[in-house]
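[1] Got a predicted structure here, sequence first:
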Amino acid sequence: MRTLYQFPLSHFCEKARWILDHKELEYVAQNLMPGVHRAFAQLKTGQNKLPILRDGDMWVADSTQIALYLDEKYPEHSLLRTDSQLRTRALEINALSIELGLHVRRWGLSHALIEGNESLDILIGEKGYLRRLEKYSKPILKAIVSKGYQLDTEQVADSKERMQVLVEQLNQQIIEQGGRYFVGDRIGLADIAVCSMLAPILEVSGTPWEKESDEVISDEFKQYKEYLQELPLGQYVQRIYKTERNARVDWRGV
């Protein structure tokens, strides 16, 4: 059985889950604790980031590397086209999405940790020692996340500006493609990458970021979400999630 080591709230881990689901491969989503995950990741892969896929004796880190590995080993339901130009274009869009994801993460987390404890509830899980000791684990996790993702005011503001530039660039590209898919005539790595990175802002239904109508949300976050929803890019993301995101494993993990 394959194992995907993850954070439930990570949109990079959502990208890896979607890749595995798209290729219809069986796997278990195994949660790790932020901060503590670094030692595990370093031991298994020589780096300290998630997601990490274990496929038999093979350990693969990074959502893009997971995609490339799976496409080579399990070519059915391919993520990249054989045509060199289409493949290059998909990888270029994927690279943009990675940069976008870094800024979405910083800006989004800055709001999530201020607004309430729901994100921390997901991080500590529904059971286990972190839940039993949540009085202590929540403040510790909040400090780890704030420091690890550099959530100071200046860097959050810089991320918002860069995020906007990338959104405008991707919005123009999807318009030029007719609004259906970024590359070719079916879903691929580029689509999965972009949609996963923007799901936390759009709070897409069925994802870790879905919110109930009565939950607290900052005016800034609400305004940007509404702005994104009106863009062709935002409408595309919502459509792709609705029609193409066939989740086979619960994002909450174990």
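    Yep, that arrived.
[2] So which residues of the protein form helices?
    For the chain, the helices defined by DSSP state H occupy 11-22, 37-45, 63-73, 84-115, 118-124, 129-132, 134-148, 153-176, 189-202, 219-230, 232-244.
[3] how far away is the closest residue to Gly108 other than its chain neighbours from Lys211?
    Spatial nearest neighbour of Gly108, chain neighbours left out: Pro200 (4.7 Å); criterion: CB to CB, 6 or more residues apart in numbering. Heads up, the C-betas are built off the backbone N, CA and C, glycines and all. Using CB to CB, to the nearest Å, we find Pro200 at a distance of 11 Å from Lys211.
[4] out of those two, which sits in the more crowded spot?
    Pro200 (24 against 13; other CB atoms under 10 Å).
[5] In contact with the more buried one, which residues?
    Contacts for Pro200 (CB atoms under 8 Å, 6 or more residues apart in numbering) come out as 9, 11, 104-105, 108, 207-209.
[6] close enough to count as contact, Gly188 and Arg81?
    Yes. If you go by CB atoms under 8 Å, Gly188 and Arg81 touch, sitting 6.9 Å apart.
[7] Of the two, give the one with the bigger neighbour count.
    Per other CB under 10 Å, whichever of Gly188 and Arg81 has more neighbours is Gly188, with 26 against 17.
[8] Give me the phi and psi for the more buried one.
    phi -150, psi -170 (degrees, to the nearest 10).
[9] Contact partners for it?
    78-81, 90, 181-182.
[10] rewinding a little: among the contacts of Pro200, give me the pair with the biggest separation.
    Farthest-apart pair in the contacts of Pro200 is Arg105 and Thr207; separation 14.4 Å (CB to CB).
[11] Pull the number of nearby residues for Glu72.
    10.
[12] same check, this time on Gly35
    Residues within reach of Gly35, counting by other CB under 10 Å, total 14.
[13] which other residues reach stretch 15-30?
    Here stretch 15-30 makes contact (CB under 8 Å, 6+ apart) with 1-6, 8, 13, 51, 53, 63, 66-67, 70, 74, 76-77, 79, 187, 189, 192-193, 195-197, 245-254.
[14] ok so, going back, just the buried residues from the contacts of Pro200, in ChimeraX please.
    One line in ChimeraX is enough to select the buried ones among the contacts of Pro200; burial here means 16 or more other CB atoms under 10 Å:
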select :9,11,104,105,108,207,208,209
